[in-house]
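Chemist: can't give you the sequence, but here's the structure:
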């Protein structure tokens, strides 16, 4: 008779007003997904863009490298050249800028005169270095 007062999990009565917390959580999750699924999809795309690091497409790198090799003495493309490179490669201007910044840091050693020019281009008298910097000022890519 004393055993009848001790309850086990099997003896718990489930009344009509009992709410299953797991079912409630699932329902809430479904409601939230229905309401915010478009926004979540956009966020996923944004995060995947930011996470996506790595090499630029091979063809784009080759085009940039060709430009680099032709302009090695002064590898600073003009804004027009950057726009043309962006159009040819399918990259955006930020990618073009970053590629040239990294390429110069990793692979370019300017002469002493050019180092001063890079640091302070205004300290040089006009004409002093005219022939030292063969810059392509045309709007063409190459």
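Modeler: Received the coordinates, thanks. Predicted model only: the values in this text are computed from it and were never measured. Numbers count the residues shown, from 1 in each chain.

Chemist: average pLDDT across the longest helix seen in the chain?
Modeler: Using DSSP state H to define each element, the chain has its longest helix at helix 21-51. Helix 21-51 shows a mean pLDDT of 81.

Chemist: helix or strand right after it?
Modeler: Remark: after helix 21-51, the chain's next helix or strand is helix 58-70, criterion DSSP states H and E.

Chemist: Give the buried residues for that following helix.
Modeler: Of all the residues in helix 58-70, those buried under the rule 16 or more other CB atoms under 10 Å are 60-61, 63-64, 67-68. (Glycine included, C-beta is placed from N, CA and C.)

Chemist: Stretch 66-85 now?
Modeler: So, applying 16+ other CB under 10 Å, buried residues of stretch 66-85: 67-68, 71, 74-75, 77, 81-82, 84-85.

Chemist: Which member of the buried residues of helix 58-70 is positioned nearest residue 95?
Modeler: Nearest to residue 95, judged by CB to CB, of those is residue 60 at 8.2 Å.

Chemist: what's the helix or strand where residue 94 lies packed up against?
Modeler: Per DSSP H and E, residue 94 falls inside helix 93-107. Packing contacts for helix 93-107, counted by 3 or more CB pairs under 8 Å, 6 or more residues apart in numbering; DSSP states H and E, involve helix 58-70, helix 79-89.
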